[in-house]
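>>> Everything below, folded, please.
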Amino acid sequence: MAKHLTWIKLFAFALLYICIWANVSPAQAFCPERIGYIEKNVLSKLTLPIIRKVYEDLGCSSKFVALPGRRALSSFNQGQIDAEVFRLALVEKKYQRAFLRSQNPVLQLYSYLWVTPDYQETDQRPLGYVKGILWEENYVKGKRFSAFHNTTNLLKAYNSGKIAGFLASGTAIRSKKNTLSPPPIPFQQVHNAPLYHYTQEGYDKFIILFDKYLEQHKPFAEVSEKMRFSTQSKKMQVPSEDSRLITN
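Sure thing, here's the model as predicted:
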């Protein structure tokens, strides 16, 4: 019976796909051509092979372009890319062009303040975050944080002892924990929000099929399961101070 229902779902999806393609005019592109994703970002690396397959299964041979977080936003606003792999809904206030958002989230983002196991609130070292990630930029306002251009440089600074902790998603640190010394602990969950797929306007038919694909296949389920961690019970007050940018 379960196998029979699976075949019915696959048939329904194929029928919907054929009907939508039949109504796409030759002058209208069904597939977003250039898809931006945040470079040197662990979550991007984990999800990129999955989103590529989703696009391929929908009949798209799109190009995926690695960009720094802020440049990706600028590129979207200038029409240089047609979509972004994932973004928080916070980005919608930053978009300057009409856009479409997937109805279903790609992932649920659970993010934490990670610190050294022996961290004390009297520690004089700053904490770190990645510039261009909107929820992190909102969280650090008025707090003693140093900004980094990407996750790679952030984690190098942690390993060298320049920072006492950092903001990052659970998935990002689970995949990197064996390379971090000392292994950081999730002190507080500081953010929990859905990540959506965004396109420029005009890709309505693509977004419909994209959402149907997520509903039926749940391609990101395994990644989502790895994103949550238990945290310390007490709350930590992050010292107040203007954040600064570390470029190395």
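
>>> Walking through the chain, point out its strands one by one.
Here the chain has its strands, by DSSP state E, at 34-38, 63-67, 83-88, 99-101, 107-115, 127-130, 145-148, 165-169, 185-200, 244-245.

>>> Would you tell me which of the ones you listed gets closest to R52?
strand 63-67 (6.6 Å; C-beta to C-beta). Any C-beta I mention is one placed from the backbone N, CA and C, and that applies to glycine too.

>>> if we can go back for a sec, right, so of the strands of the chain, which gets closest to Y55?
strand 34-38 (7.5 Å).

>>> Give me the distance between the residue nearest to the spatial centre of the chain and G132.
Centroid check for the chain by C-alpha atoms, centre = their mean gives F86 as the closest residue, at 4.9 Å. If you measure F86 against G132 using C-beta to C-beta, to the nearest Å, the figure is 14 Å.

>>> end to end, how far does stretch 80-99 reach?
14 Å (C-alpha to C-alpha, to the nearest Å).

>>> per-residue confidence averaged over that stretch?
Mean pLDDT, computed over stretch 80-99, is 96.

>>> Buried residues of it, list them for me.
Across stretch 80-99, burial judged by 16 or more other C-beta atoms under 10 Å covers 81-88, 91, 95, 99.

>>> right, and out of the residues you listed, which lies closest to G165?
Closest to G165, out of all of the buried residues of stretch 80-99 and judged by C-beta to C-beta, is L88, at 21.6 Å.

>>> Could you give the bridge partners of the closest one?
Counting by DSSP bridges, L88 is bridged to L195.

>>> Just confirm it contacts N138, I think it does.
No - counting by C-beta atoms under 8 Å, L88 stays clear of N138, with 9.7 Å between them.

>>> And for the residue nearest to the centre of the chain, nearest residue in space, chain neighbours not counted?
In space, and not counting its chain neighbours, F86 is closest to L195: 4.0 Å by C-beta to C-beta, 6 or more residues apart in numbering.

>>> same question, T231
P186 (4.8 Å).

>>> That neighbour - how many residues pack around it?
The number of residues packed around P186, counting by other C-beta atoms under 10 Å, is 20.

>>> so who does it touch?
112-114, 170, 173, 229-232 (C-beta atoms under 8 Å, 6 or more residues apart in numbering).

>>> switch to 7 Å and redo it
112, 114, 229, 231 (C-beta atoms under 7 Å, 6 or more residues apart in numbering).

>>> That one and N138: what is the separation?
To N138, P186 is 19 Å away according to C-beta to C-beta.

>>> Mind listing the residues bridging to the spatially closest residue to I81 that is not a sequence neighbour?
Using C-beta to C-beta, 6+ apart and skipping the chain neighbours, the partner closest in space to I81 is G36 (4.1 Å). Beta-bridge pairing of G36 under DSSP bridges involves V65, E84.

>>> Excluding residues flanking it in the chain, which one is nearest D82?
Using C-beta to C-beta, 6+ apart and skipping the chain neighbours, the partner closest in space to D82 is P32 (3.6 Å).

>>> check contacts around that neighbour.
P32 neighbours (C-beta under 7 Å, 6+ apart): 62, 82-83, 199, 203, 206.

>>> Now flag whichever of those is closest to R144.
Taking C-beta to C-beta as the measure, R144 sits nearest to A83 out of the contacts of P32, at 36.0 Å.

>>> just for the chain, where's the confidence low?
Judged by pLDDT under 70, the chain has its weakly predicted residues at 1-28, 232-248.

>>> what about the helices in it?
Along the chain, the stretches classed as helices by DSSP state H are 2-22, 42-57, 69-77, 134-140, 151-159, 170-176, 204-217, 221-225.

>>> Check which helices and strands the fifth one sits against.
Using 3 or more C-beta pairs under 7 Å, 6 or more residues apart in numbering; DSSP states H and E as the contact criterion, the secondary-structure elements in contact with helix 151-159 are strand 127-130.
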